[in-house]
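In: missing the sequence, but the structure's below:
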């Protein structure tokens, strides 16, 4: 069984209007929520083999916080530029390229794609995945290339307001 978590980056700052969108940092709430959600994710789902993050600063900082909280090695966090401004198809393509030695991965991305992708799998409709929200999926696919909505289901949806 493959397990996949879809994580929307933690809350970002809008304090610097001249900054490029790609370079926006986390705000105070984002910095508070990311370690809480990393600890909760580890408690509920265990430690992933791989963290795959958008190159945007807010997503990568969220992923880096999860890496630190979960005591993962440097090689277990990868950046992928295709996850920034990604479509559902872009994210699914990134998923299909995960090494089959990995059985549990977390992908750190952005809305609205995270919400749209989450809703493509069986489960109750999600209006919006809030910042630092995590959707946990389980798949009967034998490889990441075969993972799709017909063989994968949502098993959990957690977000900061459940714990803060």
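Out: It's in. Remember, predicted model here, so these are calculated numbers, not experimental data. Residues are numbered from 1 along each chain as shown.

In: Which residue ranges of the chain form strands?
Out: Secondary structure of the chain (DSSP state E): strands located at 2-8, 50-53, 77-79, 104-109, 134-139, 152-158.

In: Against which helices or strands is the first one packed?
Out: It refers to strand 2-8. Where contact means 3 or more CB pairs under 8 Å, 6 or more residues apart in numbering; DSSP states H and E, strand 2-8 is packed against helix 28-45, helix 57-69, strand 104-109, helix 113-119, strand 134-139. Backbone N, C-alpha and C define where each C-beta goes, glycine included.

In: Then the second one?
Out: Other elements packing on strand 50-53 under the criterion 3+ CB pairs under 8 Å, 6+ apart are helix 57-69, strand 77-79, strand 104-109.

In: Same check on the last one?
Out: Identification of packing neighbours for strand 152-158 by 3+ CB pairs under 8 Å, 6+ apart yields helix 28-45, strand 134-139.

In: let's see 7 Å
Out: Based on contacts counted as 3 or more CB pairs under 7 Å, 6 or more residues apart in numbering; DSSP states H and E, the elements that strand 152-158 packs against are strand 134-139.

In: The strand it packs on pairs with which strands, and in what direction?
Out: Counting by DSSP bridges, the strands paired with strand 134-139 are strand 2-8 (antiparallel), strand 152-158 (antiparallel).

In: export these to TSV and tack on mean neighbour count?
Out: As requested, those are arranged in TSV below (neighbours: other CB atoms under 10 Å):
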stretch	mean neighbour count
strand 2-8	24
strand 152-158	17
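
In: looking at these, which is closest to residue 106?
Out: Evaluated over the strands paired with strand 134-139, closeness to residue 106 peaks at strand 2-8, with 4.1 Å, by CB to CB.
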